[in-house]
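**Q** What follows is a predicted structure for the sequence shown.
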Amino acid sequence: MDPEAIQAIQAMERYCAGEVAAFHRLYNLLAPRILAYLRGLIGDRAAAEDLMQHTFLKVHEARGAYVRGANPIPWIYTIAHRTCLDELRRRRRSRVRLTTDGTLSSPPRADITGTGEEAQAPPESPRAAAAMAALQHLPENQRQALILTKVHGRSHAEAALIAGSTPGAIKLRAHRAYVTLRQRLGAKNDGDAEPEIDLS
């Protein structure tokens with residue numbers, strides 16, 4: 001078991017036993033990764049920060065259901081993932097508002113990579129921008145599998161727990177996503193033999 005998982009287990013067990021400082025330890029250990037994961041899904045940093053706070057609130061509320069000794073990292077990623085899906089569903093249900101001349105009052109969000117809102121962020125490297133543009137064309141389940149495994153370094157088993165799938169399906173989706181991205185980026189690189197995929 002990796003050191004991060006061991007630290008998370010120890011912090012979660014102490015937290016479940018009533019040690020408040022252990023929650024701060026768990027939060028400090030995992031919040032940056034959870035925030036990065038949520039930002040990759042929803043695209044907007046402010047929205048991702050709100051979702052992260054909701055995630056840790058849900059962890060607090062559900063701590064009684066935690067299985068002592070189990071690695072809490074996939075469990076917390078799953079809570080974050082479901083919290084994000086709830087928000088995306090809520091956004092899809094919200095009405096699109098038109099101005100009096102029938103145009104959109106603001107441009108709609110393109111997808112979960114947040115390309116519409118990233119325009120306000122600092123400029124990305126050309127490789128990262130190309131990878132993010134290609135990423136938006138992937139099916140949602142492939143994009144999710146790729147973000148979990150290639151960007152966040154989760155194992156296929158952990159990613160399957162988070163996504164509510166199987167390790168084999170996650171492995172296949174991530175592979176297909178990676179192959180598609182390589183093809184798209186290869187075409188943009190005018191025949192470079194091995195285009196790099198930079199999602200940082």
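**A** Here it is on my side, so go on.
**Q** who's in contact with the closest residue in space to Leu35 that isn't next to it in sequence?
**A** Leaving aside its chain neighbours, Leu35 sits nearest to Met52 (4.9 Å; criterion: CB to CB, 6 or more residues apart in numbering). Every C-beta, even on glycine, is put in place using the N, C-alpha and C of the backbone. Applying CB atoms under 8 Å, 6 or more residues apart in numbering to Met52 gives the contacts Ala31, Ile34, Leu35, Leu38, Ala80.
**Q** I figured the fourth one hits Asp50, correct?
**A** It refers to Leu38. No - at 9.1 Å, Leu38 does not count as touching Asp50 under the criterion of CB atoms under 8 Å.
**Q** So which bits of the lowest-mean-pLDDT helix or strand in the chain are buried?
**A** Lowest mean confidence among the helices and strands of the chain (mean pLDDT, DSSP states H and E): helix 126-135, at a mean of 71. Buried residues in helix 126-135, defined by neighbour count with 16 or more other CB atoms under 10 Å: Arg127, Ala130, Ala131, Met132, Ala134, Leu135.
**Q** How about stretch 64-81?
**A** For stretch 64-81, the neighbour count (16+ other CB under 10 Å) marks Tyr66, Asn71, Pro72, Ile73, Pro74, Trp75, Ile76, Tyr77, Thr78, Ile79, Ala80, His81 as buried.
**Q** out of the residues you listed, who's nearest Lys58?
**A** Lys58 has its nearest neighbour among the buried residues of stretch 64-81 in Ile79, at 5.0 Å by CB to CB.
**Q** For the closest one, which three-state class applies?
**A** helix (DSSP: H, G, I helix; E, B strand; the rest coil).
**Q** Report pLDDT for it.
**A** pLDDT recorded at Ile79 is 93.
**Q** Next: the one 5 residues further on.
**A** The predicted structure scores Cys84 at 89 on the pLDDT scale.
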